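**Student:** Provided below for reference: sequence and predicted model.
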Amino acid sequence: MATSLYVGNLPFTSSQSSVEALFAQHGTPISVNLIMDRVTGRPRGFGFVEMEDNDARNAIAALNGTDFEGRTLRVNEAEKRPAPRRW
DNA sequence: GATGAGCGA
């Protein structure tokens, strides 16, 4: 079973691949998804990483509260997505 | 800077 991780307080200079590389040190990222404002194209400073739950727990413990490129990372299990919208 | 986007076949 895989768990979705919320990773927040990211430096705006970070990219999907740098986050993936970071989490790869503490588990196997299944997918990495940095959220950006679809209208302005601006990064929103947070994202989501999916991992097997044991890897997820390990990554949270290892990375939450640590410093990453000048920001203190926030890592925890992600909340559910907002209500579904009809396209 | 703070809890997503995906949507066509």
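**Tutor:** Arrived safely.
**Student:** List of residues touching the top helix by length along chain A?
**Tutor:** Taking DSSP state H as the criterion, chain A has its longest helix at helix A:53-63. Helix A:53-63 has contacts (Cβ atoms under 8 Å, 6 or more residues apart in numbering) with A:1-3, A:5, A:7, A:22-23, A:25-28, A:49, A:51, A:73, A:75-77. Every residue, glycine included, has its C-beta placed from N, CA and C.
**Student:** Which ChimeraX command selects the buried ones in the residues you listed?
**Tutor:** Only the buried entries of the contacts of helix A:53-63 go into this ChimeraX selection, using 16 or more other Cβ atoms under 10 Å:
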select /A:3,5,7,22,23,26,27,49,51,73,75
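**Student:** Do a quick rundown of the helices in chain A.
**Tutor:** Under DSSP H, chain A gives helices at A:16-24, A:53-63.
**Student:** How about the residues of chain A by DNA strand B?
**Tutor:** Within chain A, the residues that sit near DNA strand B (Cβ under 7 Å from any atom of the strand) are A:4, A:6, A:8-12, A:33, A:35, A:38, A:44-46, A:48, A:71, A:74, A:76, A:78-82, A:84, A:87.
**Student:** redo that, cut-off 6 Å
**Tutor:** A:4, A:6, A:8-9, A:11-12, A:33, A:35, A:38, A:44-46, A:48, A:71, A:74, A:76, A:78-79, A:81-82, A:87 (Cβ under 6 Å from any atom of the strand).
**Student:** Next step: those residues restricted to strands.
**Tutor:** A:Ser4, A:Tyr6, A:Gly8, A:Asn33, A:Ile35, A:Arg44, A:Gly45, A:Phe46, A:Phe48, A:Arg71, A:Arg74, A:Asn76 (DSSP state E).
**Student:** So the third one sits against A:Arg44, correct?
**Tutor:** No: under the criterion of Cβ atoms under 8 Å, A:Gly8 makes no contact with A:Arg44, lying 9.2 Å away.
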